[in-house]
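> Mind looking at a prediction? Sequence and model below.
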Amino acid sequence: MNANEVLESLEWRYATKVFDANKQIPLDKWHVLQESLHLSPSSLGLQMWKFIEVDCSQLRQELRGASWDQSQVTDASKLVVFCARKSFTHEDVMDHLNRIAQVRGVAIESLDVYKSRILDLVESKSPEVLKAWLERQVYIALGFMMSSAAMLRVDTCALEGIDPSAYDRILGLEDSPYYTLCALALGYRAESDSYATMQKVRFDIKKVIEAR
C-alpha cells in the first residue's frame with residue numbers, strides 16, 4: 001500500500017450509521033483485524049485491556065437495548081466491546097515480565113530494572129490518574145483497529161453512546177477485573193446510509209497541526 005492508497009483509505013472511512021446485515025467480514029480479513037488488537041501498542045507494553053467479540057445474536061440484541069437502540073449493534077457483521085482494567089497489581093506486572101522472559105528467552109532476573117520502573121510509575125499515580133491512564137491505553141487499541149479496518153475497506157462505527165454498566169451486567173463483567181469503555185461495530189455500509197456520500201468535514205490542517 002503506497003502513500004496515496006493510505007490517504008484514500010482514511011478518506012473512505014466514516015462513522016457508519018447503517019450496516020448491511022447480509023454482508024459478513026471474510027474470515028481472512030477478520031483474522032487481520034483480530035491481530036490489529038493483539039499487536040496494538042500500549043504504555044510499557046503492559047496490555048491492560050480486554051476485547052470481547054460478541055457473536056451471539058441474543059446478546060447483541062440485549063446490548064442494542066443498552067445502546068439507545070442503535071442498529072449498528074445488531075446489524076454489523078462484528079461487534080467488539082473494549083474493556084479497561086479496574087485495577088493494576090503486582091501480579092499483573094509479573095505476568096507481563098514472565099511473558100517477556102518466555103518469548104525472548106531471557107532470565108526473569110534480567111528484567112529487575114524494568115520491573116522497578118513499572119512499579120515506580122504505577123505507585124506515583126493517584127487512583128484517579130491511574131484509571132485515566134489505563135483507559136487511554138484501550139483507546140489506542142480502538143484507533144489501531146479502526147485504521148486497520150479502513151485499510152481493508154471494512155466499515156466501522158465507534159460506539160460510546162452506550163450504558164457501560166448495563167454492558168457489564170449483560171456480559172458478566174461485574175465481578176471481573178474489567179469494565180466496559182466503548183464498543184466498535186464492524187462490517188459493510190448499507191446503500192441506504194446517506195452518511196456514506198457526505199463530504200468529510202475537517203478544519204484546515206494548519207489549524208490543527210502546529211509546527212515549531
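In hand now; what should we look at?

> can you give me the strands in the chain?
For the chain, the strands defined by DSSP state E occupy 49-53, 78-85, 155-159, 178-187.

> can you tell which of those is closest to Val201?
Nearest to Val201, of all the strands of the chain, is strand 155-159, at 17.0 Å by C-beta to C-beta. From N, CA and C alone the C-beta is placed, and that goes for glycine too.

> for that closest one, packing partners?
helix 72-75, helix 127-151, strand 178-187 (3 or more C-beta pairs under 8 Å, 6 or more residues apart in numbering; DSSP states H and E).

> mind putting the strands of the chain in TSV, distance to His31 and mean pLDDT included?
As requested, those are exported to TSV (distance: least, C-beta to C-beta, whole Å; pLDDT from 0 to 100):
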stretch	distance to His31	mean pLDDT
strand 49-53	12	98
strand 78-85	12	98
strand 155-159	17	98
strand 178-187	13	98
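
> Same list, these, but as a markdown table with mean neighbour count please.
Putting the strands of the chain into a markdown table (neighbours: other C-beta atoms under 10 Å) gives the following:
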| stretch | mean neighbour count |
| --- | --- |
| strand 49-53 | 17 |
| strand 78-85 | 23 |
| strand 155-159 | 24 |
| strand 178-187 | 23 |
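
> Which residues outside the lowest-mean-pLDDT helix or strand in the chain are in contact with it?
Ranking every helix and strand in the chain by mean pLDDT, DSSP states H and E puts helix 112-123 at the bottom, with a mean of 91. With contact meaning C-beta atoms under 8 Å, 6 or more residues apart in numbering, helix 112-123 is reached by 44, 46, 88, 90, 93, 96-97, 130.

> possible to save these as JSON lines with distance to Ala183 and pLDDT?
Below are these laid out as JSON lines (distance: C-beta to C-beta, whole Å; pLDDT from 0 to 100):
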{"residue": "Leu44", "distance to Ala183": "26", "pLDDT": "91"}
{"residue": "Leu46", "distance to Ala183": "22", "pLDDT": "93"}
{"residue": "Phe88", "distance to Ala183": "23", "pLDDT": "86"}
{"residue": "His90", "distance to Ala183": "31", "pLDDT": "87"}
{"residue": "Val93", "distance to Ala183": "29", "pLDDT": "92"}
{"residue": "His96", "distance to Ala183": "26", "pLDDT": "95"}
{"residue": "Leu97", "distance to Ala183": "31", "pLDDT": "96"}
{"residue": "Leu130", "distance to Ala183": "23", "pLDDT": "92"}
